[in-house]
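[1] dropping the sequence and predicted coords here.
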Amino acid sequence: VSGTAMRASQEDFENAMNQVKLLKKDPGNEVKLKLYALYKQATEGPCSIPKPGVFDLTNKAKWDAWNVLGNLPKETARQNYVDLVSSLTSSSKSSSQAKPGADRERQGYENLVVTSEDGITKIMLNRPIKKNAISTQMYHEIMLALKTASKDDSTITVLTGNGDYYCSGNDLTNFTDIPAGGVEEKAKNSALMLRDFVGCFIDFPKPLIAVVNGPAVGIGVTTLGLFDVVYASDKATFHTPFGHLGLSPEGCSSYTFPKIMGPAKAAEMLIFGKKLTAREACAQGLVTEVFPDSIFQKEVWTRLKAYSKLPPNAMRVSKQVIRNTEKEKLHAVNAEECRVLRERWMSDECINAAMNFLSRRAKL
Ligand SMILES: CCCCCC/C=C/C(=O)SCCNC(=O)CCNC(=O)[C@H](O)C(C)(C)COP(=O)(O)OP(=O)(O)OC[C@H]1O[C@@H](n2cnc3c(N)ncnc32)[C@H](O)[C@@H]1OP(=O)(O)O
């Protein structure tokens, strides 16, 4: 929930508790455990009761789910409980309206296709005609899809692209609709949106996998450092042309890339815009594994289906152990990158580069 979002009131919380009792479909054990844990955290605070014995399976699962919330503030737990119930009631409404056989497809996104099947929520960028460039609306849609996926009953979440591109980065026309407040107002709002957007990746609680089906540009590349696993087709390339665009790195890449590939390799990509092939990106640790394009989808989805059956709490906790020590640092890096970009967006270098692209005088 972004800093500007409304906090759920006690009344919202009580309404949500009543709605849970009215759910027509059993939401499954994992969601029920989450509801239990958030309820306990919201009403009693952090778990302080003794851990049940290893053979007391039900109470142990409940204790684990509550305990994993750590020091989450009561108000945040209350808000998360309300959000979770609201996602359950809206998904049961949309699935009751959906066509038979398509009940796992989430409706309502203009440029995403979001599906849940076999324990996997797949978020597919669906703007192939523009090479999956991310418009302002898409940033918001992706944030909503990630927030919903973080609370649904899937065990892993995948981001991929429809068509020949994974993502061509920020939609360069995002900066053409300048509001009444002028360029400064636009830059300020864009920086806030970008910070929230990248924050959703930093805070994503389950294993997050990128299935990079084709070339990736800009923010489609930089955010990869925040994924847990990155699979790429051998047709994918990785390009961060920030220098050409008068821009500076985002997506926490100023921190994750030097850590992943060393400062010298990171500088070549982030300052000079060196484009990597999938195999180069794999050799440098940005990509987990590369597959020939002809077998990419089959191999990757077979593997992901197997992974999705692993114990969900263990996967979630392992991810937290790997990532949590870095979270505070990543949020600080994100804030600083957005502050610097806000200045860049108002620079002549950046405005001219975007104009060049849009007037088709220059292409990268
Ligand atoms: C707002 C706040 C958040 C900001 C976050 C900061 C993020 C920074 C970045 O992501 S920087 C990277 C930005 N992306 C680019 O610079 C890529 C620009 N695109 C290209 O260079 C090329 O289009 C290409 C290499 C991706 C593909 O080339 P090609 O195969 O020749 O196809 P076309 O160029 O004909 O493209 C087809 C169609 O798509 C439109 N399009 C592609 N990418 C973008 C884009 N990033 N923004 C807007 N539109 C894009 C392109 O204009 C064509 O549309 P048209 O047929 O002309 O209508």
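    Yep, that arrived.
[2] okay, CA-based contacts and neighbour counts for the rest of this
    Will do.
[3] give me the element residue 115 is part of.
    If you go by DSSP states H and E, residue 115 is part of strand 112-117.
[4] with residue 71 instead?
    Using DSSP H and E, residue 71 falls outside every helix and strand.
[5] what residues sit buried inside the strand holding residue 115?
    Buried residues in strand 112-117, defined by neighbour count with 16 or more other Cα atoms under 10 Å: 112, 113, 114, 115, 116.
[6] next one: stretch 53-72
    61, 62, 63, 64, 65, 66, 67, 68, 69.
[7] residue contacts, the third one?
    Which is residue 63. Shown in contact with residue 63 (Cα atoms under 8 Å, 6 or more residues apart in numbering): 37, 47, 51, 52.
[8] and if you look at the second one?
    By Cα under 8 Å, 6+ apart, the contact set of residue 62 is 33, 36, 37.
[9] could you list the domains of this protein?
    Listed by the TED database, the domain ranges of the chain are 10-91, 112-363.
[10] deepest-packed of those domains, please.
    Compared across the domains of the chain, domain 112-363 shows the largest average neighbour count, a mean of 19 (mean count of other Cα atoms under 10 Å).
[11] and the strand holding residue 115, what does it pack onto?
    With contacts defined as 3 or more Cα pairs under 8 Å, 6 or more residues apart in numbering; DSSP states H and E, strand 112-117 has these neighbours: strand 105-106, strand 120-125, helix 136-151.
[12] pLDDT value on the residue nearest to residue 241 when sequence neighbours are not counted, please?
    Distance criterion Cα to Cα, 6 or more residues apart in numbering; nearest residue to residue 241, sequence neighbours excluded, is residue 273 at 4.3 Å. Residue 273 is assigned 97 on the pLDDT scale.
[13] what distance separates the start and the end of stretch 24-34?
    Terminal residues of stretch 24-34 lie 18 Å apart, using Cα to Cα, to the nearest Å.
[14] how far away from the center of its chain is it?
    23 Å (Cα atoms, centre = their mean, to the nearest Å).
[15] contacts for it next, please.
    Residues contacting stretch 24-34 (Cα under 8 Å, 6+ apart): 61, 62, 65, 66, 88, 92, 151, 152, 153.
[16] wouldn't the residue nearest to residue 241 be in contact with residue 240 here?
    Yes - at 5.2 Å, residue 273 and residue 240 qualify as touching, with contact defined as Cα atoms under 8 Å.
[17] stretch 178-197 near the ligand at all?
    Yes - Stretch 178-197 reaches the ligand (Cα under 6 Å from any ligand atom) through 190, 194.
[18] now that stretch: average pLDDT?
    Mean pLDDT, computed over stretch 178-197, is 90.
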